[in-house]
Every structure is written in C-alpha cells, then in structure tokens.
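Undergrad: could you look at this predicted model? Sequence included:
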Amino acid sequence: GNLVLRLVDAVLLGSEPLGTLHDEIIAELGPEALVDAAAVFGNFEMMNRVADATGIPVPAQSVERERGLVDLLDLESFLRH
C-alpha cells in the first residue's frame, strides 16, 4: 500500500523521482503492477480530457464541496452558471 501511495504522490505532486519508484515497484510487486498503475493513471487522464472536451458540466454540489480548491486555483471563470 505505501509504495502505491508513494507512486500516486510522485506522479501527481512530483514528490520523488519516478525512476526510483519504478525499480522498487518492479522489485516488490512485479512489472504487471507497474503496468496496471500506469494504465489507471492514463485512464483517468483520458476520462478527464473527454469530459473537458465534451463540455460536461460540473454539478453545483461538487463545486461547493470543493469550494476551497476552486478558489485556490481560480477556477470560477471556467464554471458555467
């Protein structure tokens, strides 16, 4: 579990070099786990791009639930009202 969380942090936050984790994941979990993790990251990225490209609206409840993040990233201008 901890190794996978480190990978998520490395990809999303740049918390550590991916090369180091690459070797650790293969050693501890096998190459299939690395491929699976990369596929999950890729799928989420693809789904976000599809949603953005098609103009799927973000529900108001989601915006309010994430109000701090919306304000921090100045995303209000991207929201349809």
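TA: Ah, there it is.
Undergrad: hmm, who's touching stretch 23-35?
TA: With C-beta atoms under 8 Å, 6 or more residues apart in numbering as the contact definition, stretch 23-35 has outside contacts at 3, 7, 22, 37. Every C-beta, even on glycine, is put in place using the N, C-alpha and C of the backbone.
Undergrad: taking the residues you listed, tell me the two that lie furthest apart.
TA: Spanning the widest gap among the contacts of stretch 23-35 are 3 and 22, at 11.1 Å by C-beta to C-beta.
Undergrad: next, name the residue at the spatial heart of the chain.
TA: Closest to where the C-alpha atoms of the chain average out (C-alpha atoms, centre = their mean) is residue 12, at 5.9 Å.
Undergrad: using CSV, write down the CA coordinates of the lowest-mean-pLDDT helix or strand in the chain.
TA: Counting by mean pLDDT, DSSP states H and E, the weakest-scoring helix or strand in the chain turns out to be helix 60-65, with a mean of 86. Taking C-alpha atoms only, helix 60-65 is exported to CSV below (Å, rounded to 0.1, in the frame of the first residue of the first chain):
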residue,chain,number,x,y,z
ALA,A,60,-23.1,22.8,-8.3
GLN,A,61,-22.8,20.5,-5.3
SER,A,62,-19.4,19.4,-6.5
VAL,A,63,-18.2,23.0,-6.9
GLU,A,64,-19.4,23.9,-3.4
ARG,A,65,-17.9,20.8,-1.9
